[in-house]
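Participant: Generate coordinates for the sequence data below:
(chains A and B)
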Amino acid sequence: MKTASVGQATSANIQRRNSQWAIAMKSIRRHWQLYLLVIPPVLYFLIFKYIPMTNAVIAFKDYNVVLGIWGSPWVGFKHFKLFFENPVFWTLVRNTFLLSVSTIAVSFPIPILLALALNEVGHQGFKRLVQLVTYAPYFISTVVMVSMILLLFAPRLGIINQFINMFGFRSINFLGVPSFFRPIYVFSDVWQTAGYSAVIYLAALSGIDPTLYEAAKVDGASRLQRIRYIDLPGILPTAVIILILSVGNVMAVGFEKVFLLQNPLNLSTSEVISTYVYKMGLLNANFSFATAVGLFNSVVNLVLLVSVNFVAKRLANASLW
Amino acid sequence: MTTTTQRRRRPIQESLGDKIFLGVIYVVLTIVLVIVLYPLIYIVSSSLSSPLAVSSGRVWLWPVDFSLRGYQVALSNPQIVTGYLNSLFYTFFGTLISVTLTVMIAYPLSRKSFYGRNVLMFFIVFTMLFSGGLIPTYMVVRDLGMINTRWALLIPQAIFVWQVIIARTFFQSSIPDELEEASAIDGCSDLRFLWSVVLPLSKPILAVLVLMYAVSQWNAYFDALLYLKSVELHPLQLVLRSILILNTTASSNMDAAVMIERQQMAELLKYSLIVIASLPVLIIYPFVQRYFVKGMLIGSIKG
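Facilitator: Here you go, the predicted structure:
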């Protein structure tokens, strides 16, 4: 009896595997052109995304160009240890974390407020004008953005310092003072992306059933109450997803803008993990060490994203996957 | 004041509190408008002023001593012209390669009868969650012999996973599987179907892909910084970086008067360069804004 059922189970298994195989073969026969079509993109991902993942083993080796990736000697966690014991480690982690968290703290709520405000505006022309203008800075390149910051905040001629002088105060060399680095980074980020990020909330708001507003009005709800009880719940799922994404990327501060805003005077707050990896790896040619630092960062990111997503799934029933 | 501008007829009279609230919103949004617009106007006005007016800080809103000197100097600088042409080259061919590859992977992924699509999708999305890092990627590009060639800007960042997701969602929702099955019965091959049915029906998503890839290619500087050593290959953004951020135009061995004039010119040049570099994107922007918005919204639907 028992053996019979086991036999049945395995035969069912085999049958299922066979039928899976048959489905696959049928699909390949029917769509062979599509399978050919995906070969170049798949090769792209293999070569430029997956081979680097295997190359990352040099974090556990003393990489030597002559011996190559696989010929270089294994050293275990030597480079990780060097990094953790380096006094710069805590500075980097702290700078990266604080820069991210302050960016989220400001860049997350402001687009929501902007979208809620725009949603109240009845004058369509004004609404469209505000949207068009606030959305535009998103398309300014990082190099131009940083150049604008340098020009506007310049110690002598910058318009900001001219205003400061007008009120009788002395000029401030904003980019030379470490404590100004984060505010400048964060607020220029908001300036550049708030309009763009608001679009997604505006779409969520336009999807809210208009009869809800009518009913609320009949019941005598004020504008503020309508925002509180209709608009906010309406955009909550979108907001949670966006928050998960940004919290999950806390340790992945973009390299491009930080690197350009850096100067020797503000390095104590502006040096983050990604800029450090670049300097160690490509300027000092210390491939193994830089890879170890980068790998540490990638793993922390992955863990953060997965766990934040897990928590959100439990608490708000919202998830990325 | 604000209620008169509202076109919608309101069946219920608004309370005083609501009117004040709406008034505050208009005021706040106007302030936001000014904050966003002012730096842009200031940069454009400075670029249209005379070198002296800029370097003595007399510009604050409108151009002072209107002049086009900054643009003349910028456009007669061979480095800037080369950078501009290079950027046009990278943007055109980079976008072409990127859009083609994105469609090649996104369309098969959108077909339900394509066996293995979930595995393939995971294979692609995983690269969003985890990456080998800067140095290991650099090593691949180096081993392929792409360092200091134009290929380094066209291939290593060719596909953005996000765009694949957007395109796949679009194909899935706007090209029904039944249409494909019906064509297959009529003897239409997959490639033929993709070329003569899917692509003509997908102009909105193609516009989104072209615009997003083109803007990011035009604005990119990091890959060029990593991979390109020869100045004649540099895209505009990298040329801008050396002039605007590293201040490399200052030259020595000149008498004082020339030096001062040079310095004033260098200051003006920065403003003109910012405008020149952003112009192509900002000119087309108002016309294509709706496509960008559409792209974002397609992407926000989970698929």
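
Participant: show me where the stretch 101-250 of chain B has helices.
Facilitator: Ranges of helices in the stretch 101-250 of chain B, per DSSP state H, counting those that start in this stretch, are B:117-129, B:134-143, B:151-154, B:161-174, B:177-185, B:190-193, B:199-201, B:203-219, B:222-227, B:236-240.

Participant: same deal with the stretch 201-321 of chain A?
Facilitator: Remark: helices assigned in the stretch 201-321 of chain A by DSSP H, counting those that start in this stretch are A:210-218, A:223-226, A:232-248, A:255-261, A:267-270, A:273-278, A:287-316.

Participant: which of the residues in the first one are buried?
Facilitator: When neighbours are counted by 16 or more other C-beta atoms under 10 Å in any protein chain shown, the buried residues of helix A:210-218 are found to be A:216, A:217. Yep, even glycine has a C-beta here, placed from its N, CA and C like the rest.

Participant: can you give me the angle that helix makes with helix A:232-248?
Facilitator: Per axes from the mean of the first three to the mean of the last three C-alpha atoms, to 10 degrees, the angle that helix A:210-218 makes with helix A:232-248 is 120 degrees.

Participant: Which other helices and strands does helix A:210-218 contact?
Facilitator: When contacts are defined as 3 or more C-beta pairs under 8 Å, 6 or more residues apart in numbering or on different chains; DSSP states H and E, helix A:210-218 packs onto helix A:223-226.

Participant: and the helix it packs on, is it in reach of chain B?
Facilitator: Yes: using C-beta under 8 Å from any C-beta of the partner chain, helix A:223-226 reaches chain B at A:223, A:224.

Participant: mean confidence score for that helix?
Facilitator: Mean pLDDT, helix A:223-226: 85.

Participant: Tell me how far it lies from the chain's centre.
Facilitator: Computed by C-alpha atoms, centre = their mean, to the nearest Å, the chain-centroid distance of helix A:223-226 equals 33 Å.

Participant: Check stretch B:186-201 too.
Facilitator: In terms of C-alpha atoms, centre = their mean, the centre of stretch B:186-201 is found 31 Å from the chain centre.

Participant: do you know how far the residue nearest to the spatial centre of chain A is from residue B:117?
Facilitator: By C-alpha atoms, centre = their mean, chain A has its centre lying nearest to residue A:249, at 4.7 Å. From residue A:249 across to residue B:117, the span is 27 Å (C-beta to C-beta, to the nearest Å).

Participant: quick revisit: among the helices of the stretch 201-321 of chain A, show me which one is buried the most.
Facilitator: Mean neighbour count (mean count of other C-beta atoms under 10 Å in any protein chain shown) peaks for helix A:273-278 among the helices of the stretch 201-321 of chain A, with a mean of 22.

Participant: hmm, who's touching that helix?
Facilitator: Contact with helix A:273-278 is made by A:88, A:92-93, A:96, A:251-255, A:258-259, A:262, A:290, A:293-294, A:297, B:133-135, as judged by C-beta atoms under 8 Å, 6 or more residues apart in numbering or on different chains.

Participant: Same question for stretch B:70-88.
Facilitator: With C-beta under 8 Å, 6+ apart as the test, stretch B:70-88 has contacts from B:47-48, B:51, B:218, B:231-240, B:243, B:265, B:268-269, B:271-273, B:276.
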